[in-house]
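Trainee: Structural data only, the sequence is not supplied:
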């Protein structure tokens, strides 16, 4: 995506600029190096800690898990050597320059992440067609469409609906986004399409064919930002697993991370912040000048905070909607989708419980393959999560067999992750309900005294690594620019 660079890109390239402002009496201000307690070693916490350390501050991270990365989780077990599945974040758009700046900084190898593949399938209403055939047939799959809606593929109707907003943003930039948010904040995706004159049948077909059915009642602005921000074009993946990105921060920060430390309380006064945490050995405390809290809001909801946050912040913590997501991976003895059906990457979209099947383009050297056999959101993800892990795998094999019968003979082992069942996540990612951007966003991101908030939920780029990184840089900048009374002479 062309346009101006992200304003925080200079922090990654040049570091947090040291303050050289002078007081009215022209005496230089002493450097305000601060001890900063960072709750959570996901991408937001790692980025904040790394940039504060580069600027001469003293960051200390508390991480409840025994690993860094948060909702970046690469599964390597129980799979054979060379196969892995990204159970959380899995792809990076070319338009996400903050994420790619760190990928480049650490020298991580990238490969294309293929989404659009005409050789993949759509399996809807019991009909299975290649994507290419579906486009040419303009198949309605039995849905009740108007004659004009039958004339063009559903993707073309969607682009037509977005075209005026695309032109508006192209001409007006950030100013246009503000006006669009004012007009459409209360809209769900379903309401937007209905007001564009779409029939109920067209809306249902769009939801199924584009894998957006679970999000039809979510805020329209969420999907609009992704579409106009090119989040699904020119995608890339980190070769070897996406967890290589958070792990790349460890050499600089290893001695500053305490693993297995579950934060239970935050307290602040005029002098600093005290963070109480629990480990297998008991209860501990650490103090600092400031804190950056990156825990997802479902987790923050369980932390005792003294004095309490502002009413607006407490309301945001209670109300912000989090989306559920479940992934199921199946290791197969051979890559039958490539060998038998010529599918090199991409995904199949279905109305089956598994919803989507992603075909990997990595791991071919093993001779085996690891299908992302199911990636679901919303109610589908909740239903899968309610099942025992072994049952998820068994039923996923049955569903995949309706598209690829070969899997019955080729399946070897499976694994799954349901993010709403993770006690340190409480959900897959923040996703506004209609009206929540205006009602909650400003309060979510605002500092509370000496406590700063970060995490993808504090950005407008929900569900992406870019949002977490952006928030970590923003919080680090807030701390770096904060006036430390002890530094005044």
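Mentor: Yep, it's here. Just so it is clear, the model here is predicted, and its values are computed rather than measured.

Trainee: and stretch 419-431, which residues are buried?
Mentor: 419-420, 422, 424-431 (16 or more other Cβ atoms under 10 Å). (Glycine included, C-beta is placed from N, CA and C.)

Trainee: right, and the pair among those with maximum separation?
Mentor: Of all pairs drawn from these, the widest gap by Cβ to Cβ lies between 424 and 431 and measures 18.7 Å.

Trainee: where are the low-confidence patches of this protein?
Mentor: By pLDDT under 70, the low-scoring segments of the chain are 1-3, 18-31, 134-140, 483-489.

Trainee: for the helix ranked longest in the chain, packing partners?
Mentor: Counting by DSSP state H, the longest helix found in the chain is helix 154-184. Contacts defined by 3 or more Cβ pairs under 8 Å, 6 or more residues apart in numbering; DSSP states H and E place helix 154-184 against helix 189-195, helix 200-209, helix 220-228, helix 436-445.

Trainee: Any chance of the ones you listed in JSON lines with mean neighbour count and distance to residue 9 as columns?
Mentor: Putting the helices and strands packed on helix 154-184 into JSON lines (neighbours: other Cβ atoms under 10 Å; distance: least, Cβ to Cβ, whole Å) gives the following:
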{"stretch": "helix 189-195", "mean neighbour count": "19", "distance to residue 9": "31"}
{"stretch": "helix 200-209", "mean neighbour count": "20", "distance to residue 9": "35"}
{"stretch": "helix 220-228", "mean neighbour count": "21", "distance to residue 9": "19"}
{"stretch": "helix 436-445", "mean neighbour count": "19", "distance to residue 9": "19"}
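
Trainee: give me the number of residues near residue 177?
Mentor: Residue 177 has 18 neighbours, counted by other Cβ atoms under 10 Å.

Trainee: so how far is residue 443 from it?
Mentor: Distance, residue 177 to residue 443, using Cβ to Cβ, to the nearest Å: 20 Å.

Trainee: now do residue 218
Mentor: Applying Cβ to Cβ, the value for residue 218 to residue 443 is 20 Å.

Trainee: still on that earlier bit, just the closest of the buried residues of stretch 419-431 to residue 198, please.
Mentor: Among these, and counting by Cβ to Cβ, the member closest to residue 198 is residue 431, at 21.9 Å.

Trainee: tell me the phi and psi of the closest residue to the closest one other than its chain neighbours?
Mentor: Closest residue in space to residue 431, ignoring its immediate chain neighbours: residue 323 at 4.2 Å, by Cβ to Cβ, 6 or more residues apart in numbering. Here is the backbone geometry of residue 323 (degrees, to the nearest 10): phi -90, psi 150.

Trainee: was I right about residue 323 contacting residue 378?
Mentor: Yes: counting by Cβ atoms under 8 Å, residue 323 does reach residue 378; the two are 6.9 Å apart.

Trainee: Mutual contacts of these two, please.
Mentor: Contact criterion Cβ atoms under 8 Å, 6 or more residues apart in numbering; residues shared by residue 323 and residue 378: residue 215.

Trainee: Provide a list of residues in contact with the closest residue in space to residue 367 that isn't next to it in sequence.
Mentor: In space, and not counting its chain neighbours, residue 367 is closest to residue 334: 6.8 Å by Cβ to Cβ, 6+ apart. Residue 334 makes contacts with 367-369, 410, as judged by Cβ under 8 Å, 6+ apart.

Trainee: domain assignment for the chain?
Mentor: As assigned by automatic domain parsing, the chain contains the domains 9-65+244-320+434-487, 74-93+109-115+325-421, 132-228.

Trainee: can you list these in a markdown table and add distance to residue 237?
Mentor: As requested, the domains of the chain are exported to a markdown table (distance: least, Cβ to Cβ, whole Å):
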| stretch | distance to residue 237 |
| --- | --- |
| domain 9-65+244-320+434-487 | 11 |
| domain 74-93+109-115+325-421 | 4 |
| domain 132-228 | 18 |
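
Trainee: Buried residues, the longest helix of the chain. List them.
Mentor: Using 16+ other Cβ under 10 Å as the test for burial, helix 154-184 gives 154, 157-158, 161-162, 165, 168-169, 176-177, 180-181, 184.

Trainee: could you give the angle of that helix to helix 200-209?
Mentor: Using axes from the mean of the first three to the mean of the last three Cα atoms, to 10 degrees, the inter-axis angle of helix 154-184 relative to helix 200-209 is 100 degrees.

Trainee: any idea how far residue 328 is from residue 241?
Mentor: According to Cβ to Cβ, residue 241 and residue 328 sit 18 Å apart.

Trainee: Tell me which of the two has more neighbours.
Mentor: Shown here are residue 241 and residue 328; by other Cβ under 10 Å, residue 328 has more neighbours (28 against 19).

Trainee: Assumed residue 457 was part of a strand.
Mentor: No: using DSSP: H, G, I helix; E, B strand; the rest coil, the secondary structure at residue 457 is helix, not a strand.

Trainee: Confirm for me that it is in contact with residue 444.
Mentor: Yes: contact criterion Cβ under 8 Å: residue 457 and residue 444 qualify, at 6.3 Å.

Trainee: tell me, what's touching those two both at once?
Mentor: Joint contacts of residue 457 and residue 444 (Cβ under 8 Å, 6+ apart) are 297, 320.

Trainee: For the stretch 251-400 of the chain, which segments count as strands?
Mentor: Counting by DSSP state E, counting those that start in this stretch, the segments of the stretch 251-400 of the chain that form strands are 257-259, 262-268, 273-279, 282-288, 290-293, 304-306, 322-323, 325-332, 347-350, 356-358, 369-377.

Trainee: Identify whichever of the ones you listed lies nearest to residue 451.
Mentor: strand 290-293 (5.0 Å).

Trainee: Show residues contacting that closest one.
Mentor: By Cβ under 8 Å, 6+ apart, the list of residues contacting strand 290-293 reads 34-40, 45, 48, 266, 268, 272-273, 275, 300, 450-454, 472, 475-476, 479, 482.

Trainee: what does stretch 268-275 give?
Mentor: Contacts for stretch 268-275 (Cβ under 8 Å, 6+ apart): 35, 37, 39, 62, 263, 265-267, 285-291, 306-307, 448-451.

Trainee: if we go to 6 Å?
Mentor: Here stretch 268-275 makes contact (Cβ atoms under 6 Å, 6 or more residues apart in numbering) with 37, 263, 266-267, 285-289, 291, 449-451.

Trainee: And for stretch 45-56?
Mentor: 15-16, 33, 36, 38, 59, 61, 246, 249, 252-253, 292, 294, 454, 469, 472, 475-476, 480.

Trainee: Would you write a PyMOL line that selects the buried entries of these?
Mentor: In PyMOL syntax, the buried subset of the contacts of stretch 45-56 is picked out as below (16+ other Cβ under 10 Å):
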select buried, resi 16+33+36+38+59+61+246+249+253+292+294+454+469+472+475+476+480
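
Trainee: Of the buried residues of stretch 419-431, which belong to strands?
Mentor: Residues of the buried residues of stretch 419-431 located in strands (DSSP state E): 429-430.
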